[in-house]
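Chemist: could you look at this predicted model? Sequence included:
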Amino acid sequence: MKYYLTTPIYYVNATPHIGHAYTTLVADTVKRVRRMMGDDVYLCTGTDEHGQKVERSAEKAGWTPKEFTDRVSGAFRADWDELGIDYDFFVRTTEERHAKTVQWLFERCQANGFIKKDSYTGKYDVTSEAFITDEEADKITGPVEVVTEENYFFKLSEFQDRLLKFYEDNPDFIRPESRRNEVISFVKGGLKDLSISRTTLKWGIPLPNDPEHVFYVWFDALANYMTALGYGGDDADPKKLWPADVHIVGKEILRFHAVYWPAFLMAAELPLPKGVYAHGWLIFQDEKMSKTKGNIVRARPIDKVVGIEGLRHYLLREIVFGQDGNFSFEGLVQRYNADLANGLGNLASRTLSMIHRYFDGAVPEPPADSGGTLAPLATETITTARDHFTAFEFSKGVDAIWALIGAVDKYLVEQKPWVLIKGENEETKGQLRATLYNAAEVLRIVTALVSPVLPKAAAETWRQLGQEPDLKDVRYDALAWGQLQPRTKLPGGDNIFPRLDVKLSVEKMLELEQEALKEQAEIMGKTVEPATPLLEPPPESERIDITDFIKVEMRVGVVKTAEKVKKADKLLHLTVDIGEAEPRSIVAGIATAYEPESLIGRKVAIVSNLKPRKLRGLVSDGMVVAASLEGGEPNLVSFLEDAPIGARLS
């Protein structure tokens, strides 16, 4: 089955930033999900390069518009290539093939009587390149000009009833539901004919019947989705991909895609796209990211510190798609550590390392029917994750996968393979084989399920599991429990998600952000003096003597239970076995760095001779030992070797 999806084409009045990356990473994820559904998938992206702002920016930089757009469009393409976006079409509106498509679409609309020539005087929003009402002009913070000129108009007013009927007949055309309601309200308010040409502008596509006019941005830009498929040329749409299955856009341009675009296509008697999905804004420091506010963040500095996988995971799990979502560097690294380093990465590292140590790097053969509760849970998760992902419910899909990771972490703690390896009888040996096979099989299924979100990391984990065929060839309907073949040799590899220090990682991203800002300003023909913050050296700590130190008693413990403390963002309530009759109750300020389920079964160092105290109504009888830089996240002290529970640190 064919599946065609698109991002918007990004306007070259700015270089790529995380807002562009968010839309594009989501589209890339959707492509990978649809491929796992068995579809033949094609993704279109590109750059919108005409208009008054481009003409003015090029003149200010001392370049021709073509020189300017070549530079900025090249920056977008370079970013998408570096970030691993699997696009099939990249359309530039300055290409000759695009001019043919736009003119072809115009001629179809004109032949059907939906184009007229008239003069118009109105207020023009230079930033969005649109004529606006007096009421809208009062809300505009950017430049507004009064423009009078002879234009060609598209008879949008004739499509009000047809559009409303179309929305009624196709309730899923606009998603999410809240955006659909906004569009319907706008259309019910009445539609005015739309100016689609300018004579005062020269940097654009000329009208085929009147070359003194050039197409105004939206009639030009929206046609790119058909340009990619060759419409207007001799061999249009050889793969039969039109109509598009979904246009993924930001909510600020929904009106153009959900009102203007279907009206253009109705006028041209062409099939309409099957859907438009509008996502929300990224909020940074309590404000929408925007160039005018100067709070833009770029994806490439993040990629160099956290990795693009960390950013993909953060955006898709942290933000409910369709709603506005908060972004912060600290939250990004904390989510990386909690979910990727302590979650998926830890599961892969501990499972594969035990198979290497206990079974010479070969997957053990489990006793028959030893999947226990993990087998049905994994089977259920395959369906749940698939259904959420195909419904654009990315955060729910990722949550389901991480619930499975939490279940196998708990399973390993309960089974204690590090204890089972010491057993001599056949029952214990069979239990060990079952435990590590089941853990590895969950890891295999998790790896396949998470591959649309974390394609690079999933491919490396798949390789470390010794799996064939290529992960890109795995399909949801063929993924099932028990497909991990016993005696499969594991090739080994490095830890995929090493933990990051929050403070140092944030500082590095901010430093690289300044470098990227300078690079992108040069692309745009501007100059920026970066202001990289300097790090102050830590103060020298006061020394103590040995008599003070020996008063502190520290012991090895293993976490038995862990849960979040209500109304306390930083606290977890742990029970820790340190070899006493009952586990210790300990309240620890590590919730921002660790998910509760990732701690169960983990060995930790405990200060065991502190006087008990109450925190949030809970007894805390001891303290978990952790390391952190000032202002950074805690990093639990751990043990490379199998330190016995209750052993004293000295």
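Modeler: Received, thanks. Quick caveat: nothing in here was measured; it's all calculated off a predicted structure.

Chemist: tell me how the chain divides into domains.
Modeler: 2-288, 327-478, 546-636 (automatic domain parsing).

Chemist: start and end of the last one, how far apart?
Modeler: I take that to be domain 546-636. Using CA to CA, to the nearest Å, the end-to-end distance of domain 546-636 comes to 24 Å.

Chemist: the domains of the chain: which one's closest to Ile523?
Modeler: Each of those has some distance to Ile523 by CB to CB; the shortest is domain 2-288, at 5.1 Å. (Each C-beta comes from the backbone N, C-alpha and C, glycine too.)

Chemist: quick revisit: let me have the domains of the chain in JSON lines, extended by mean neighbour count and distance to Glu318.
Modeler: Below are those laid out as JSON lines (neighbours: other CB atoms under 10 Å; distance: least, CB to CB, whole Å):
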{"stretch": "domain 2-288", "mean neighbour count": "18", "distance to Glu318": "10"}
{"stretch": "domain 327-478", "mean neighbour count": "19", "distance to Glu318": "6"}
{"stretch": "domain 546-636", "mean neighbour count": "17", "distance to Glu318": "13"}
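
Chemist: any chance of JSON lines for the ones you listed, columns mean pLDDT and distance to Leu484?
Modeler: What follows is the domains of the chain, written out as JSON lines (pLDDT from 0 to 100; distance: least, CB to CB, whole Å):
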{"stretch": "domain 2-288", "mean pLDDT": "94", "distance to Leu484": "18"}
{"stretch": "domain 327-478", "mean pLDDT": "96", "distance to Leu484": "5"}
{"stretch": "domain 546-636", "mean pLDDT": "84", "distance to Leu484": "22"}
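
Chemist: export those to JSON lines and tack on distance to Pro486?
Modeler: Below are the domains of the chain laid out as JSON lines (distance: least, CB to CB, whole Å):
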{"stretch": "domain 2-288", "distance to Pro486": "26"}
{"stretch": "domain 327-478", "distance to Pro486": "4"}
{"stretch": "domain 546-636", "distance to Pro486": "25"}
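
Chemist: so Asn13 touches Ser57, yeah?
Modeler: Yes - assessed by CB atoms under 8 Å, Asn13 is found in contact with Ser57 at 6.2 Å.

Chemist: what packs against the host helix or strand of Leu164?
Modeler: Element membership for Leu164, per DSSP states H and E: helix 160-169. If you count contacts as 3 or more CB pairs under 8 Å, 6 or more residues apart in numbering; DSSP states H and E, helix 160-169 packs onto helix 177-188, helix 261-267.

Chemist: between that helix and helix 177-188, how big is the angle?
Modeler: Calculated by axes from the mean of the first three to the mean of the last three CA atoms, to 10 degrees, helix 160-169 forms an angle of 160 degrees with helix 177-188.

Chemist: residue numbering should commence at 55 henceforth.
Modeler: Yes, from this point I'll number from 55; that puts the last item at helix 214-223.

Chemist: identify the residues contacting helix 214-223?
Modeler: Helix 214-223 is contacted by residues 227-228, 234, 237-238, 241-242, 244-245, 313, 316-317, 320, 326 when judged by CB atoms under 8 Å, 6 or more residues apart in numbering.

Chemist: please save the CA atoms from the helix or strand His410 falls within in PDB.
Modeler: His410 is part of helix 400-413, with elements assigned from DSSP H and E. The C-alpha trace of helix 400-413 is given here as PDB (Å, rounded to 0.1, in the frame of the first residue of the first chain):
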ATOM      1  CA  ASN A 400      20.800  -0.400  31.200                       C
ATOM      2  CA  LEU A 401      18.600  -3.200  30.100                       C
ATOM      3  CA  ALA A 402      20.700  -3.900  27.000                       C
ATOM      4  CA  SER A 403      24.000  -3.600  28.800                       C
ATOM      5  CA  ARG A 404      23.100  -5.900  31.800                       C
ATOM      6  CA  THR A 405      21.300  -8.500  29.700                       C
ATOM      7  CA  LEU A 406      23.900  -8.800  27.000                       C
ATOM      8  CA  SER A 407      26.800  -8.700  29.400                       C
ATOM      9  CA  MET A 408      25.400 -11.500  31.500                       C
ATOM     10  CA  ILE A 409      24.800 -13.600  28.400                       C
ATOM     11  CA  HIS A 410      28.500 -13.000  27.400                       C
ATOM     12  CA  ARG A 411      29.700 -13.900  30.900                       C
ATOM     13  CA  TYR A 412      27.500 -16.800  31.700                       C
ATOM     14  CA  PHE A 413      26.900 -18.400  28.200                       C
END
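
Chemist: so what does that helix touch, helix or strand wise?
Modeler: Contacts defined by 3+ CB pairs under 8 Å, 6+ apart place helix 400-413 against helix 448-469, helix 471-474, helix 480-504, helix 509-518.

Chemist: just how off-centre is the helix or strand that comes right after it within its chain?
Modeler: Counting by DSSP H and E, the next helix or strand C-terminal to helix 400-413 is helix 428-444. Helix 428-444 sits 20 Å away from the centroid of its parent chain (CA atoms, centre = their mean, to the nearest Å).

Chemist: cool, stretch 250-260 as well?
Modeler: Stretch 250-260 has its C-alpha centroid displaced from the chain centroid by 37 Å (CA atoms, centre = their mean).

Chemist: okay, which residue is most central for this protein?
Modeler: Centroid-nearest residue in the chain, with CA atoms, centre = their mean: Arg366, separated by 3.3 Å.

Chemist: can you check the pLDDT for it?
Modeler: Note for Arg366: predicted pLDDT of 98.

Chemist: in TSV: the helices and strands packed on helix 400-413, plus distance to Tyr57.
Modeler: Compiled in TSV, the helices and strands packed on helix 400-413 are given as follows (distance: least, CB to CB, whole Å):
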stretch	distance to Tyr57
helix 448-469	17
helix 471-474	42
helix 480-504	19
helix 509-518	17
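
Chemist: these: which one's closest to Leu97?
Modeler: Of the helices and strands packed on helix 400-413, nearest to Leu97 by CB to CB is helix 509-518, at 13.3 Å.

Chemist: so the closest one versus helix 480-504, what angle?
Modeler: If you take the same axes, to 10 degrees, helix 509-518 sits at 150 degrees to helix 480-504.

Chemist: now do the following helix or strand past helix 509-518: which elements does it pack against?
Modeler: Following helix 509-518 in sequence order, the next helix or strand is helix 556-577 (DSSP H and E). Judged by 3+ CB pairs under 8 Å, 6+ apart, helix 556-577 is in contact with helix 119-136, helix 353-359, helix 383-389.

Chemist: output the contacting helices and strands for the longest one.
Modeler: Using 3+ CB pairs under 8 Å, 6+ apart as the contact criterion, the elements in contact with helix 119-136 are helix 72-90, strand 94-102, helix 106-115, strand 143-146, helix 353-359, helix 556-577.
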